[in-house]
Every structure is written in C-alpha cells, then in structure tokens.
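> Sequence and computational prediction follow.
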Amino acid sequence: MTVDLTIDTADGTAEAFVSRPETAEHDVPGVLLFPDIFGLRPQIRTMMDRIASWGYVVLAPNVFYRSGTVDDLAPTVDLREPGERDGYIAKVFPLMEGLTSDLSRPDTAAYLDALLALPGVTGDAGVIGYCMGARLALRAGGDHPDRIATVGGFHGGGLATDESDSPHLSLATTRAAVLLRHADDDPSMPREGMDVIASLARESGVPLDQDVYPGAPHGYSMADTSMYDETAAERHLEDLREHLARRLARHGE
C-alpha cells in the first residue's frame, strides 16, 4: 500500500494516506479521517477517494504508528470470512485500548497541522471517524474549535461513558456541526448514550444531527468486513456528503 505522507509526532512518525479531487480549479477544504480498528488498508483508500471526489482533500493517519507501520498492521486475513473479523479484532484490540486520550490528543493536533499545511487546502477542516475513530473525531472537534467546522461519526462505540475523558464531553467546547449515524441495536452505543449526547449538545448549543440506521450492524460501512451493509453504507455517504457541503464548504470559501 502506497503511503503518501509521513507526519512527525512527539512519539515518532505516523504514515498517512492522502486523497485529492481529480480536478480542482481552486483550493478546497480538508477532511481528517480516522479509520476503524482495522486501520489503513485498501478499503479506507476507496472511501477516501470517494469523499475526495466531492471536492475535498482527505488525510487518514495510521493512528497505531507506535505499534508498527501501515504494512506491519494491515489485516492479513479476509475479514469477510466467518470468524476472521472477530479473530482479528482480538489481535488488535490491545492497540485500541493502548491509544489513550493522553496519547491520541497530541497526535490529532499533529495530524490536523499536517492536513491544513497540504498544498491546495484552505479554510476550516472537517473530521470524521469510523468505529473507534468516531471517538477521536469527537475529541478533535472539542479540542480544536478554532480549526474544525464539522464532525462526523459512524457506527461509533463508547461515545458516552462515565469516564472523565468521555468523547461526548467534547461537545461542551466544540463549535462544529456534528453528524452521528449509529448502528442498530449496538451494545457499544446504547440509546441511553445517545440521549446523553443529545442533552449535552442542546445545553452547549451544538448543531447535532443524530440518528440510527435501522437494521444496520456495527461496522456497516466497511465493505471488506463481514459487517458490511450496502444500504446503510451508501446512506451514510449520502448523509456525509450533504453534511460536508452544508457545513464545511461554506467555511472554506
């Protein structure tokens, strides 16, 4: 897999994918994309290219760079086959657990710096995340209200917890418009958590568009895994495209 960029962080060098529109007559907004637990791989590149085709420069970092390169960490099994996805999750779950907010927050600042410094990128940024990446996206919006205009999270888990660094608490400091699309009957994101998110968004004056895709499983957007749901995946792209066009493009003008 071709790595397009390396980003210096306080703890080492993170590789990243970058996707650009095929044609752009002027500078365009940037979008920071946090992948799911399976990391950077061809599926993420495909999703990035589609988003970039709407008129954005998209950067996706290897958030697990402390544990290996993109090639080191790429799945070596077919995640669509029965049992393979769950088996691989067991292998990489410790990496996710080890990426604490104390580590991920300064990383995110470095990723955002790198995105906004890319040629052809202008204005405020958008940040989106999938699964565990939705947590990183929410925190990014709260930590960088002066630079992030939109946040999107898809089939995210653990977004509202009792911990002092719960991702949803970032709604108190963000100025971004937030789009959340949850999986149906997802134990990692119960209805009670959605209610907590909605309540804090109202208190903070945050524009929140939150919904559940009926019948969609956790991980519905990833065509290279057994959880893929084509209907939900296409719907999330439609919702995301509308959200970015409405909320991000005008900030980059």
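Yes, it's here.
> got the contact list for stretch 198-212?
168-169, 171-184, 194, 197, 239, 243, 247 (C-beta atoms under 8 Å, 6 or more residues apart in numbering). All C-beta atoms are positioned from the backbone trio N, CA, C, and that covers glycine.
> Cross the residues you listed against helices and list the overlap.
194, 197, 239, 243, 247 (DSSP state H).
> How about the contacts made by the last one?
The neighbourhood of residue 247, defined by C-beta under 8 Å, 6+ apart, consists of 126, 149, 150, 176, 177, 207.
> And for the first one?
Under the criterion of C-beta under 8 Å, 6+ apart, the neighbours of residue 194 are 160, 180, 182, 210, 212.
> could you redo the last one with a cut-off of 10 Å?
159, 160, 168, 180, 182, 210, 211, 212 (C-beta atoms under 10 Å, 6 or more residues apart in numbering).
> From the contacts of stretch 198-212, keep the buried residues only.
With burial judged by 16 or more other C-beta atoms under 10 Å, the buried subset of the contacts of stretch 198-212 is 168-169, 171, 174-183, 194, 197, 239, 243, 247.
> would you turn the contacts of residue 194 into TSV with distance to residue 91 and pLDDT?
Output for the contacts of residue 194, formatted as TSV (distance: C-beta to C-beta, whole Å; pLDDT from 0 to 100):
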residue	distance to residue 91	pLDDT
159	24	98
160	27	98
168	28	98
180	28	98
182	26	98
210	32	98
211	32	98
212	29	98
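> which one of those residues is nearest residue 19?
residue 180 (23.2 Å; C-beta to C-beta).
> Quick check: the spatially closest residue to the closest one that is not a sequence neighbour vs residue 141, distance?
Of all residues not flanking residue 180 in the chain, residue 210 sits nearest, at 4.4 Å (C-beta to C-beta, 6 or more residues apart in numbering). Distance of residue 210 to residue 141, computed by C-beta to C-beta, to the nearest Å: 14 Å.
> before we move on, back to that, taking the buried ones among the contacts of stretch 198-212 one by one, which sit in strands?
Judged by DSSP state E, those include 177, 178, 179, 180, 181, 182, 183 as members of strands.
> and residue 210 and residue 141? which has more neighbours close in?
A direct count of neighbours by other C-beta atoms under 10 Å for residue 210 and residue 141 places residue 141 higher, at 29 against 15.
> follow-up on the earlier one: and the residue nearest to residue 180, what helix or strand is that in?
Assigning secondary structure by DSSP states H and E places residue 210 in strand 208-213.
> What pairs with that strand, parallel or antiparallel?
Its sheet considered, strand 208-213 pairs with strand 177-183 (parallel) by DSSP bridges.
> Show me what the residue nearest the centre of the chain is bridged to.
Central residue of the chain (C-alpha atoms, centre = their mean): residue 129, 1.3 Å from the mean position. In this entry, residue 129 is beta-bridged to residue 34, residue 153, by DSSP bridges.
> Relative to residue 120, how far out is it?
Residue 129 sits 23 Å away from residue 120, going by C-beta to C-beta.
> Please apply the same query to residue 176.
Residue 176 is 22 Å from residue 120, by C-beta to C-beta.
> and if you look at residue 45?
From residue 45 over to residue 120 (counting by C-beta to C-beta), the distance is 19 Å.
> okay, these two: which has more neighbours?
A count of neighbours by other C-beta under 10 Å puts residue 45 above the other of residue 45 and residue 120, at 18 against 12.
> How about the contacts made by that one?
Neighbouring residues of residue 45 by C-beta under 10 Å, 6+ apart: 1, 2, 4, 17, 18, 19, 58, 60.
> hmm, 7 Å instead?
residue 17 (C-beta atoms under 7 Å, 6 or more residues apart in numbering).
> swap in residue 31?
By C-beta under 7 Å, 6+ apart, the neighbours of residue 31 are 51, 56, 58, 125, 126, 128.
> for it, helix, strand, or coil?
strand (DSSP: H, G, I helix; E, B strand; the rest coil).
> want to try CSV for the contacts of residue 247, with pLDDT and distance to residue 107 as columns?
As requested, the contacts of residue 247 are arranged in CSV below (pLDDT from 0 to 100; distance: C-beta to C-beta, whole Å):
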residue, pLDDT, distance to residue 107
126, 98, 18
149, 96, 21
150, 97, 20
176, 97, 19
177, 97, 24
207, 97, 27
